[in-house]
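[1] need a structure here:
(one chain, ligands or ions: 1)
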Amino acid sequence: MTRDDAAPLGRCTFLGPAGTFTEAALRAVPGAEQAELIPATSVPAALAAVRAGEADHAMVPIENSVEGGVSATLDDIASGDDLQILREELVQISFVLVGRPGVELADVRRVSTHTHAWAQVRGWVEANLPGVEYTPSGSTAAAARALADAEPGSEPFDAAVCAPLVAEQTGLPVLARAIEDVTGAVTRFVLVGRPGPLPAHTGSDKTTLTVPLPDDHPGALREILDQFATRGINLSRIESRPTGEGMGKYFFSIDLEGHLAEERVAAAMGALHRIFPGVRFLGSYPRAEHRPVAVRRHTSDDAYRAGRAWVDGLLAR
Ligand SMILES: O=C(O)C(=O)C[C@]1(C(=O)O)C=C[C@@H](O)C=C1
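    The predicted structure follows:
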């Protein structure tokens, strides 16, 4: 059984408040206009709402083309009750600096934003606001709204780094535009639900999984990679994250090109499960770029089926 693409989003939570890049990603999903959008204060809070059944889906950031993986998401979906990624969205990222009313760029001493946003404007800040004090916030929009909602004169900081949309929504003065260090940066977001039928295989799919690293297993990383290499499976992301259970305890978070419904992916996942029973399947879903996955002839479904038919024929002699 495959998931119905036209299934309603229902109650959909996201890293809020209104005006985050995450909200922009959610609004790009067909059917978002009919969904009930529920802002969450953090990624773990959004995912907890899905696990508890208080929301049907959550949109959360997972990877940025400049700053890499979003740890809060990678760590949260890797533990606790299983969740499933249903689709991904790519959003072009450009930041503005908004200030409290009346402040000039030269007067800015304290700035707030999300840590991932801060990492993407570090060069601009060093060049234009040297020595400025940084306060992390739950999201870019949370920083801007803290500024907009404060009593005049008691703002917690002078400026916030956020999306141009939030500047419009709050009416805060824009002190600088396009302050990102890398033009054309992209953040990848995933729509997450509770485990259920997989989205249909499209030929341009991605699969996300995690593999815990056992303590006493020399060459474990190589054994994981071998499962993909021998089956011609390309990885688009692999990173290690601490499990939080003690020094040296890690898991790998992996995206591969392909769908669990493909023989080579199913075979690799089955093999991983034999070697590392703690492997966690986090979903197979269409790639946002819709670029077809290149499959080498000898690792195609047809080749797998032909190989199995040959062996079955030998056994049936
Ligand atoms: O704070 C936001 O607006 C978010 O949606 C989060 C987030 C992230 O986690 O990377 C999303 C995109 C940008 O890269 C900066 C922040």
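
[2] for stretch 60-77, how far is the first residue from the last?
    11 Å (Cα to Cα, to the nearest Å).

[3] any residues touching it, and which ones?
    Applying Cβ atoms under 8 Å, 6 or more residues apart in numbering, the external contacts of stretch 60-77 come out as 14-15, 21-22, 25, 42-44, 46-47, 83, 85, 88, 93, 116, 119-120, 180-182, 184-190, 192, 210, 237, 239, 241, 244, 253, 282. To be clear about C-beta, it is placed using only N, CA and C from the backbone, and glycine gets the same treatment.

[4] Out of these, which sit inside helices?
    Within the contacts of stretch 60-77, membership in helices is found for 21-22, 25, 43-44, 46-47, 116, 119-120, as judged by DSSP state H.

[5] The ligand next: which of those are close?
    Among those, the residues within reach of the ligand (Cβ under 6 Å from any ligand atom) are 21-22, 116.

[6] quick revisit: which ChimeraX command selects the buried ones in the contacts of stretch 60-77?
    Command for ChimeraX that selects the buried part of those, burial taken from 16 or more other Cβ atoms under 10 Å:
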select :14,15,21,22,25,42,43,44,46,47,83,85,88,93,116,120,180,181,185,187,188,189,190,192,210,237,253,282
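
[7] wait, what's in contact with residue 5?
    Taking Cβ under 8 Å, 6+ apart as the definition, contacts of residue 5 comprise 199-200.

[8] re the thing from before, from the ones in helices among the contacts of stretch 60-77, which is closest to residue 249?
    Of all the ones in helices among the contacts of stretch 60-77, residue 44 has the smallest distance to residue 249: 19.7 Å, by Cβ to Cβ.

[9] list the contacts for the closest one?
    Here residue 44 is in contact with 72, 76 (Cβ under 8 Å, 6+ apart).

[10] Please tell me how far it sits from residue 254.
    From residue 44 across to residue 254, the span is 21 Å (Cβ to Cβ, to the nearest Å).

[11] Repeat that for residue 178.
    34 Å.
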